[in-house]
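Engineer: show me the folded form of this:
(one chain, ligands or ions: 1)
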Amino acid sequence: MVATTGTKLEIVPLSAHVGAELRGIDLREPQDAATLAAIYQAWLDHLVIVFPDQKLEQEDLLKVTSYFGEIGALRRPPKFFPPGFNRILPNIMLISNIRENGEPIGALPDGEMMFHHDMIHAEIPHNGTFLYSVEIPDTGGDTLFASGYAAYDTLDRAIRDKLEGRRAFHHYNYGSTKKGDGHGVEAFGQASHPVFRTHEETQRKAIYVNRLMSVGIENMPDDEAQPLLDAVFDHAEKEEFVYAHKWRVGDLLLWDNRCSSHARTDFPADQRRLMLRTTIQGTVKPF
Ligand SMILES: [Fe+2]
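Structural biologist: Numbering: from 1, shown residues only. Predicted coordinates for the structure are as follows:
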């Protein structure tokens, strides 16, 4: 199925529940209001949008991010710059395993990463995340996206009833890719949010807990909460709700952290991976 707007924009769904490729757009060019509105609606409809074959400078990435709201603040400026870059602009984060003097130049350098929602451990999490690929390994390093809507709609009724109206705690040690792997740096806070979140723009409900960052449920003993959370994670990560993105150089992806979670597959440690990341600030406390 291909939907076409009045412009050259083509919207091609990538899986049953999540992901669409947006073709016919060069994001270096100025975009008219109708095209921007169509792109925004495609993001709400498909949760993850893919712009293939982009050739973006850092300024372009910031401009595109600003189409979707306030640009999220960057907390960790890089110490080293990748080849071809003599600076990294504020609010752009490097995700990379490239090493200088034995130290990774970017965040989240190595290997597999469990399913998570970006910044869920913040009081007001970021609405969306952009990732732009500059260098990719020959194999692996795919990003898996799971629709929290589809998983919520099909969640076992007994489990759903036990968790409806409850809040879960979220904690994340920065830089860790698996819960408790010890490679992260201490988080500066944790937050609690509804287990099932209502998206303030679509009004749909989505699962809003994840295997990497969710650590318990308010007012519920851990021996009761953990099996319920595990059941929700197992359900939410089922293949039928997931789109697996195989990166190409020049792909720009935007995902909605309010209604989708994502994970990364392993990749060879001796191959370079370099991505530029920006985020869109959230505007409301999750409800
Ligand atoms: Fe992430």
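Engineer: assign K63 to helix, strand or coil.
Structural biologist: When the structure is split into helix, strand and coil by DSSP: H, G, I helix; E, B strand; the rest coil, K63 lands in helix.
Engineer: hmm, I was thinking of F145
Structural biologist: strand.
Engineer: over to H170?
Structural biologist: Reducing the assignment at H170 to three states with three-state DSSP gives strand.
Engineer: D45 now?
Structural biologist: Three states are possible here, and by three-state DSSP the one that applies to D45 is helix.
Engineer: Q226 and V209, how far apart?
Structural biologist: With the distance defined as CB to CB, to the nearest Å, Q226 ends up 11 Å from V209. Every residue, glycine included, has its C-beta placed from N, CA and C.
Engineer: quick one, which of the two is more surrounded?
Structural biologist: Neighbour tally, Q226 and V209, criterion other CB atoms under 10 Å: the higher count belongs to V209, 30 against 14.
Engineer: element containing the more buried one?
Structural biologist: Take DSSP states H and E as the rule and V209 turns out to sit in neither a helix nor a strand.
Engineer: what's it in contact with, if anything?
Structural biologist: Contacts of V209 were listed using CB atoms under 8 Å, 6 or more residues apart in numbering, and they are 168, 170, 195, 229, 232-233, 236.
Engineer: turn the residues you listed into TSV, columns for distance to R76.
Structural biologist: TSV is the format used below for these (distance: CB to CB, whole Å):
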residue	distance to R76
A168	26
H170	19
V195	29
L229	29
V232	30
F233	27
A236	28
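Engineer: inside strands: which ones of the residues you listed?
Structural biologist: Restricting the contacts of V209 to those inside strands, with DSSP state E as the criterion, leaves 168, 170.
Engineer: most widely separated two among the contacts of V209?
Structural biologist: H170 and A236 (14.7 Å; CB to CB).
Engineer: and the residue lying closest to G148 once chain neighbours are set aside, which of the three is it?
Structural biologist: Nearest residue to G148, sequence neighbours excluded (CB to CB, 6 or more residues apart in numbering): A206, at 3.2 Å. The local conformation at A206, judged by three-state DSSP, is strand.
Engineer: ok, now I159?
Structural biologist: In terms of secondary structure, I159 is helix; the call rests on three-state DSSP.
Engineer: wait, it sits on D230?
Structural biologist: No: counting by CB atoms under 8 Å, I159 sits too far from D230 to count as a contact (10.4 Å).
Engineer: neighbour count: these two, which is higher?
Structural biologist: Using other CB under 10 Å as the criterion, I159 and D230 rank with I159 on top: 15 against 11.
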